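> predicted model follows, preceded by the sequence.
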Amino acid sequence: MDFYSYLIIASISSGTPLLFAVLGGILSERSGVIFLGTEGTMLIGAVVSCLTFAGTGSMLLSVLASLAAAGGIGLAHAFLCVTLRANQIVSGLALTLFGTGLSAYLGKPVAGAALAVTVPRLSMPWLEKIPFAGAIFSNLDVFIWISFGLVAVLYLYIYKTSWGLHLRAIGDSPATSDAMGLRVGLTRYLHVIGGAMLMGLAGCYLIMVYSPNWMEGMTSGRGWIAIALIILAAWNPLYALGGAYLFGGLDALGFRLQLMEIGIPSYFLKMLPYLVTIVVLMIVGWRGRHVPSPEPKSLGSAYVREQRS
Amino acid sequence: MKRESAAEVIGKADRRKLVRLQLPFELHYDHLKKGGAWWMPLAWVLAALAICGIFIWLNGMNPLTVYAKMAQGAFGSSFGISETLVKSIPLLLCGLGVAAAYRISIWNIGAEGQLVAGAIAATAVTIYMPSLPGGLYIPVMAAAGIAAGAAWGLLTALPRAWFGVNELITSLMLNYVALLLLDYFVFGPWRDPAGFNFPGTPMLLPEQQLMTFQGTRLHYGLLFALIAAVAFAFFLGKTRWGYEMKVLGANPSATKYGGISINRHILIVMIISGGLAGLAGMSEVSGVAHRLMYGLSPGYGYTAIIVAWLAKLNPWAMIPASLFVGGLIVGGYSVQTIGLPSSMSMMLQGAILITLIGGEMLGKYRFVRR
């Protein structure tokens, strides 16, 4: 396998957890709720699926368990932000702290132990015959195919269905949607919980495929990069695909350069994704200075029916 | 089928009405109401302890034993109390810093990075200025720490002011950058050659260290923190700048029409925020670790967010809040002796913040008698 197809495969596999998390964030933010608990939710998803796999040895069960645990975090966030109308940013930060602490606490018994897990790959002979891309397609596991599917489904859902239209309406103007008879609270609950579940899946992928042994804080900021990617992707699942693989590629490239010993200390290479995030957001902000932001208009504010907006 | 008479139908409906739960009051949401009595935060802290207690209990430990152990570790001995005070110094400084930003809805979560930047700069003074007169070290190191923290804060503020980049993300990304920078220095060029591969710089000279109170590890950085709290309260309550900040926090668009520049305030607030965190970094290097080393801060910058919200952004309330949270951290270390991870305290902090903001909003519901 040559260097470029290695790089593409590596960027897909390290971009996939980001992709799941970005998709989850897009779902939640489209309904008007900022979810900053991504990092904590991913960690909870990872540790729960790790514990379940260590206990049962079943991959399906561990995926389901991580979905359920992450959904629980989403439920807590939705309750705080939708029902109690608490500050969404503080609630998300609190959930990240809680998730980081709880995951470290729960994961203590399995810390450092390698999981003997092999994620099945889909065999598609007709795809593998394509000259250059064939080698890449033969290296994709089930999760990656699921993530491709999710991108398509979410894109169609948000832009091509009436439910998606309602979702965008609620994200932009909950008061108008409420007057139309849409159920603002319920929609927000469902999308926050669904989004959190995808973040849990991101954590699950991280531990099942990317690095199969649990370490405290193993997400190392991926959740926050995912939150930045939501802005970069303009709240559109299709763009999220590109953004996630771009950052996955940076991650893989940094690792690769480190192995090649080109004289730059590895600490600076590891800074790359973080610095690029800031620079890219600056470029996005500069380019978008004259056009209205694609951000959902009501993002971050709780809806109170009795209150003037 | 037997037909029911009209009287029977009415009777049934009446009975149903009786059975339906009739609370003697109604809940009304009032977004203008200030949240609850002074003891409410204590109640929510207890609620958080209960929530975490469930997880501890599920893991096969008695939560009461664990909490008793934590309390005893943090406040049960003079050593514990001095450790708690030592931890509360950076928490108070960083907490004041982030609270200044939160007051005008600038979501600075980069106190950790700003603290580390301050620590690196303070150490740089000791490394690159070896011939300063002894008495000058502490003020120069403090100035360097404040300047570096403020500069690190500006890295967040400028993209926000110029390009509208979300400061939450920038400040957080810069945390990782600062931590990697710290790792680079202590594993690389600044590593103590006589340190048996310990990732840290050589120990500071005595005149580069903050004095400690008799026989404890508690250092005079405590005074920095207390002075900062008093100064913050003064500026907030007595100056035009504090007034503008209050207006900005309450209603940004009114501020715009009132001719107050939001961008200028973002810059000022991030300089203050970063400067305070940088001072905390300097006091950690000079007062506690006596060197720059790997893992200098166990997440003080993040924990400070809890301190700020626990105190509802009030500088006076932040003093007891930082003591309480400092106690949590020390307590977290003390449960390691019974085989629990010190991240216990992080879980507790998160849970406390959750119940606190949830509870504050519950406090906005008014009980109305029927």
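Great, that's in hand.
> only C-alpha atoms for contact and neighbour calcs from this point on.
Fine.
> for chain B, which residues are neighbours of chain A?
B:159, B:163-165, B:169-170, B:172-174, B:176-177, B:180-181, B:183-184, B:340-341, B:343-351, B:353-354, B:357-358, B:360-362 (Cα under 8 Å from any Cα of the partner chain).
> so for the helix or strand containing residue B:156, what gets flagged as buried?
Taking DSSP states H and E as the definition, residue B:156 sits inside helix B:137-163. Neighbour counts over helix B:137-163 (16 or more other Cα atoms under 10 Å in any protein chain shown) mark B:137-138, B:140-161, B:163 as buried.
> what mean pLDDT does that helix have?
Averaged across helix B:137-163, pLDDT comes to 93.
> and the next helix or strand past that helix?
helix B:167-187.
> on that earlier part again, check which helices and strands the helix holding residue B:156 sits against.
helix A:266-287, helix B:111-128, helix B:167-187, helix B:262-283 (3 or more Cα pairs under 8 Å, 6 or more residues apart in numbering or on different chains; DSSP states H and E).
> show residues contacting stretch B:43-58.
With contacts defined as Cα atoms under 8 Å, 6 or more residues apart in numbering or on different chains, stretch B:43-58 is touched by B:62, B:63, B:64, B:347, B:348, B:351, B:352, B:354, B:355, B:356, B:359.
> center of chain B - which residue?
residue B:304 (1.3 Å; Cα atoms, centre = their mean).
> for it, list the residues it contacts.
B:91, B:92, B:94, B:95, B:98, B:111, B:322.
> quick one: residues in contact with stretch A:172-182.
A:31-32, A:166, A:169-170, A:183-184, A:296-299, A:303, A:305, A:309.
> re earlier: okay, the contacts of stretch B:43-58 in a markdown table with distance to residue B:43, neighbour count and secondary structure next?
Converted to a markdown table, the contacts of stretch B:43-58 look like this (distance: Cα to Cα, whole Å; neighbours: other Cα atoms under 10 Å in any protein chain shown; DSSP: H, G, I helix; E, B strand; the rest coil):
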| residue | distance to residue B:43 | neighbour count | secondary structure |
| --- | --- | --- | --- |
| B:62 | 21 | 13 | coil |
| B:63 | 18 | 19 | helix |
| B:64 | 17 | 14 | helix |
| B:347 | 18 | 26 | helix |
| B:348 | 14 | 26 | helix |
| B:351 | 13 | 26 | helix |
| B:352 | 10 | 26 | helix |
| B:354 | 13 | 29 | helix |
| B:355 | 9 | 24 | helix |
| B:356 | 9 | 27 | helix |
| B:359 | 9 | 22 | helix |
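> ok, and the closest non-adjacent residue to residue A:271?
What sits nearest to residue A:271 in space, not counting adjacent residues and going by Cα to Cα, 6 or more residues apart in numbering or on different chains, is residue B:177, at 5.6 Å.
> quick one: the helices in the chain?
By default, I'm working from chain A. For chain A, the helices defined by DSSP state H cover A:3-30, A:38-56, A:59-78, A:88-107, A:125-128, A:133-137, A:142-160, A:162-172, A:174-180, A:184-205, A:222-232, A:237-260, A:266-287.
> wrong one, I was asking about chain B
Ranges of helices within chain B are B:6-19, B:40-58, B:63-75, B:78-103, B:111-128, B:137-163, B:167-187, B:221-238, B:240-250, B:252-257, B:262-283, B:300-310, B:318-334, B:344-362, based on DSSP H.
> quick one: which of those helices has the weakest pLDDT on average?
helix B:6-19 (a mean of 57).
> buried stuff in stretch A:291-305?
A:295, A:296, A:297, A:298, A:299, A:300, A:301, A:302, A:303, A:304.
> just those now: which is nearest chain B?
residue A:304 (8.8 Å; Cα to the nearest Cα).
> report the closest residue of the stretch 101-250 of chain A relative to chain B.
residue A:101 (4.1 Å).
> which residues touch that residue?
B:343, B:344, B:345, B:346, B:347, B:348, B:350.
> phi, psi for the first one please.
Phi and psi for residue B:343, reported as degrees, to the nearest 10, are phi -70, psi -10.
> and it, how many neighbours does it have?
Counted by other Cα atoms under 10 Å in any protein chain shown, the residues lying close to residue B:343 total 24.
> what of the fourth one?
Burial of residue B:346, expressed as a neighbour count using other Cα under 10 Å, amounts to 27.
> chain A: which of the contacts of stretch B:43-58 is nearest?
Among the contacts of stretch B:43-58, and counting by Cα to the nearest Cα, the member closest to chain A is residue B:347, at 4.1 Å.
> run through the residues that contact that closest one.
Neighbours of residue B:347 in contact, by Cα under 8 Å, 6+ apart: A:97, A:98, A:99, A:100, A:101, A:102, B:52.
> can you check residue A:252 too?
Residue A:252 neighbours (Cα under 8 Å, 6+ apart): A:7, A:10, A:11, A:14.
> thinking the third one is in contact with residue A:254, fair?
No - in this structure residue A:11 lies outside contact range of residue A:254 using Cα atoms under 8 Å: 10.8 Å.
> first-to-last residue distance for stretch B:191-209?
Distance between the two ends of stretch B:191-209: 19 Å, counting by Cα to Cα, to the nearest Å.
> which non-adjacent residue is nearest the residue of the stretch 101-250 of chain A closest to chain B?
Nearest to residue A:101 is residue B:347, by Cα to Cα, 6+ apart, at 4.1 Å.
> go through stretch B:112-124 and flag the buried ones.
Using 16+ other Cα under 10 Å as the test for burial, stretch B:112-124 gives B:112-124.
> other residues contacting it?
Applying Cα under 8 Å, 6+ apart, the external contacts of stretch B:112-124 come out as B:94, B:141-142, B:144-150, B:152-153, B:171-172, B:174-179, B:182, B:274-275, B:277-285, B:291-292, B:296-297, B:299-302.
> type out the ChimeraX command that picks the buried ones from those.
ChimeraX command restricting those to the buried ones, with burial defined by 16+ other Cα under 10 Å:
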select /B:94,141,142,144,145,146,147,148,149,150,152,153,171,172,174,175,176,177,178,179,182,274,275,277,278,279,280,281,282,283,284,285,291,292,296,297,300,301,302
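> stretch B:330-337: which residues count as buried?
B:330, B:331, B:332, B:333, B:334, B:335.
> what is the neighbour count of residue A:184?
Residues near residue A:184, counting by other Cα under 10 Å, number 24.
> quick one: contacts for it?
Per Cα under 8 Å, 6+ apart, neighbours of residue A:184: A:170, A:174, A:177, A:178.
> ok, so of the contacts of stretch A:172-182, who is nearest residue B:190?
Closest approach to residue B:190 among the contacts of stretch A:172-182 (Cα to Cα): residue A:299, at 45.3 Å.
> now render the helices of chain A as JSON lines, adding mean pLDDT.
Formatted as JSON lines, those follow (pLDDT from 0 to 100):
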{"stretch": "helix A:3-30", "mean pLDDT": "89"}
{"stretch": "helix A:38-56", "mean pLDDT": "92"}
{"stretch": "helix A:59-78", "mean pLDDT": "94"}
{"stretch": "helix A:88-107", "mean pLDDT": "89"}
{"stretch": "helix A:125-128", "mean pLDDT": "68"}
{"stretch": "helix A:133-137", "mean pLDDT": "69"}
{"stretch": "helix A:142-160", "mean pLDDT": "93"}
{"stretch": "helix A:162-172", "mean pLDDT": "94"}
{"stretch": "helix A:174-180", "mean pLDDT": "91"}
{"stretch": "helix A:184-205", "mean pLDDT": "95"}
{"stretch": "helix A:222-232", "mean pLDDT": "89"}
{"stretch": "helix A:237-260", "mean pLDDT": "85"}
{"stretch": "helix A:266-287", "mean pLDDT": "87"}
